[in-house]
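# Below are the sequence and a predicted model; questions follow.
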Amino acid sequence: MINTSHPFYKKKWVRVAIPSFCILWAFIEYLIGSQNWALFFGIIGVYSGFVLLVRYRKRDEEKKKK
């Protein structure tokens, strides 16, 4: 669902900021008592963190090997 080949995601601070913001927002939603929104943004934060930080590196390393 996230196209990591887009030039927007080449900068590391962008790839870190997106999941960080989502997880921070989930924490804020939890504090004000909106557990459903907290769960929603928490899932988005974890998913985007996995795609933009974990899987992004692996794909770059595979391209360098070829």
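Sure, I can see it.
# measure the spatially closest residue to Gln35 that is not a sequence neighbour to Pro7 for me?
Leaving out its chain neighbours, the residue that sits closest to Gln35 by C-beta to C-beta, 6 or more residues apart in numbering is Glu29, at 7.8 Å. Every C-beta, even on glycine, is put in place using the N, C-alpha and C of the backbone. Distance of Glu29 to Pro7, computed by C-beta to C-beta, to the nearest Å: 31 Å.
# the more surrounded of those two?
Neighbours per residue (other C-beta atoms under 10 Å) separate Glu29 from Pro7, with Glu29 holding more: 18 against 6.
# what's the more buried one sitting at in phi/psi?
The phi/psi pair for Glu29 (degrees, to the nearest 10) reads phi -60, psi -40.
# swap in Phe27?
Per degrees, to the nearest 10, the backbone of Phe27 is at phi -60, psi -40.
# Contact partners for Cys22?
Neighbouring residues of Cys22 by C-beta atoms under 8 Å, 6 or more residues apart in numbering: 41-42, 44-45, 48.
# typo on my end, Leu52
2, 4, 9, 15-16, 18-19.
# Tell me the helix or strand right after the helix or strand hosting Ala17.
Assessed by DSSP states H and E, Ala17 sits inside helix 12-31. Downstream of helix 12-31, the next assigned helix or strand under DSSP H and E is helix 35-49.
# Kindly export stretch 21-39 (C-alpha atoms) in CSV.
The C-alpha trace of stretch 21-39 is given here as CSV (Å, rounded to 0.1, in the frame of the first residue of the first chain):
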residue,chain,number,x,y,z
PHE,A,21,3.8,11.0,14.0
CYS,A,22,1.2,8.2,13.7
ILE,A,23,2.3,6.5,17.0
LEU,A,24,2.5,9.9,18.8
TRP,A,25,-1.0,10.6,17.6
ALA,A,26,-2.2,7.2,18.7
PHE,A,27,-0.8,8.0,22.2
ILE,A,28,-2.6,11.4,22.3
GLU,A,29,-5.9,9.7,21.2
TYR,A,30,-5.4,7.1,24.0
LEU,A,31,-4.8,9.9,26.6
ILE,A,32,-8.0,11.7,25.7
GLY,A,33,-10.0,8.5,25.9
SER,A,34,-10.6,7.5,22.2
GLN,A,35,-9.3,4.0,22.2
ASN,A,36,-10.7,3.1,18.8
TRP,A,37,-8.8,6.0,17.1
ALA,A,38,-5.7,5.2,19.2
LEU,A,39,-5.9,1.6,17.9
